[in-house]
Each structure stands twice: as structure tokens, then as C-alpha cells.
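Colleague: Make a model of this:
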Amino acid sequence: MKKPTTSLIGTNLLEFMMLYHRKFAIFFHKQSLSQEFPLNKNQKRVLLILKHHRGVTPTFLSQGLDLQKGSLTTLIDSLEEMALVKRETDSKDRRRVHLFLTEKGELAIGAILNEYRHYLEQLLSTLSDTELEQFQKNLDATITILKKIGG
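Modeller: This is a model prediction of the structure:
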């Protein structure tokens, strides 16, 4: 098998990014069905990350969301004002802060995840079971590789 070039990998990553945003990330732009938690796309994304990565630092979050520190601070402040997120100072280094979902944040993310699962079921309904399995295996392999490379 011929070794892929970085040019081809770069092109495919850009294509993947565009398709991901058109097919999957668009969900986060839609108004939530739950009027109890009227959140914007970045607020939803923060809650999702905190659900799967408890206690992360704002730096980790800003890198994962591709947001500047000032924008992220405003975003976290808004979620804290809604009592969805709490900041906790690191017991070993008081300069470090870790972010966690509150009970209300857990409820909000539960509602969002239910809507997201329903959205995914509709989106992926045209795929066969074999295609779904292949898609999942490819996602697992992609995640493993992405975790292995870079900083």
C-alpha cells in the first residue's frame, strides 16, 4: 500500500472538518427543545466536554473548543451564572481552576444528549448495520491516532 502524503492527509482532514460541521455540529446551532435550558452552541459544547472530561482546566477547554481565553472566561461565567458549571480551585496549586458540572448542569446535559441521540438516529438512519459498524470502527481508529500524534 502506498504511503499517504501529508498533502492528501491535509486535504482529507479539511474535507472531514467541513462534513462534520455540515452534518453533525449543526445540531449545536439548533435551539434546544427544552426551554428550561436555552443554551447557545458553545454553552452546549462546554457542557458536553465537562460531561466526558470532569475537572478539566479552562486551558484544556479552550484548546478543545478553539476559543480564546477571554471568550472562554465569558462563556464559563455565563454557565456559572446559570448554575450549570462550577469552578473549583486546585488544592495543590491555588492558581489552577478545575471545571465541573453542577446537578443542574447534569440535568441540562442529559436533556441535550437525549436530543443529540435522537438527531443522530435520524441522521444515521440511512446507513446499514454494516455501515454503522464500519463508521464506529473508523471513528475509534481516528480517535486513537489523533490521541497518539501531536502535543
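Colleague: Pull the contacting residues for F27.
Modeller: Neighbouring residues of F27 by C-beta atoms under 8 Å, 6 or more residues apart in numbering: E115, Y116, Y119. All C-beta atoms are positioned from the backbone trio N, CA, C, and that covers glycine.
Colleague: got it, and L124?
Modeller: Taking C-beta under 8 Å, 6+ apart, we find L124 in contact with L132, F135.
Colleague: what do you get if the cut-off is 10 Å, keeping everything else the same?
Modeller: Going by C-beta atoms under 10 Å, 6 or more residues apart in numbering, L124 touches K23, E131, L132, F135.
Colleague: Secondary structure and distance to E80 for the contacts of F27 - can I get that in a markdown table?
Modeller: Below are the contacts of F27 laid out as a markdown table (DSSP: H, G, I helix; E, B strand; the rest coil; distance: C-beta to C-beta, whole Å):
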| residue | secondary structure | distance to E80 |
| --- | --- | --- |
| E115 | helix | 23 |
| Y116 | helix | 23 |
| Y119 | helix | 27 |
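Colleague: For the chain, which residues score under the pLDDT cut-off?
Modeller: Applying pLDDT under 70 to the chain flags residues 1, 31-35, 151.
Colleague: could you pull out the helices for it?
Modeller: Remark: helices assigned in the chain by DSSP state H are 6-23, 41-52, 58-65, 69-81, 103-123, 129-148.
Colleague: Now flag whichever of the contacts of L124 is closest to T11.
Modeller: Checking the contacts of L124 against T11 by C-beta to C-beta gives K23 as the nearest, at 18.3 Å.
Colleague: The closest one contacts Q122, doesn't it?
Modeller: No: taking contacts as C-beta atoms under 10 Å, K23 lies outside contact range of Q122: 11.4 Å.
Colleague: Leaving out chain neighbours, which residue sits closest to Q43?
Modeller: Among residues not flanking Q43 along the chain, L79 sits closest, at 5.9 Å (C-beta to C-beta, 6 or more residues apart in numbering).
Colleague: I'd say that neighbour and L50 touch.
Modeller: Yes: with contacts defined as C-beta under 10 Å, L79 counts as touching L50 at a distance of 8.9 Å.
Colleague: The two: who's more crowded?
Modeller: Set side by side, L79 and L50 show more neighbours around L50, with 25 against 22, by other C-beta atoms under 10 Å.
Colleague: Give me the nearest residue to that one, chain neighbours excluded.
Modeller: Nearest one to L50, counting by C-beta to C-beta, 6+ apart, is L101 at 5.0 Å.
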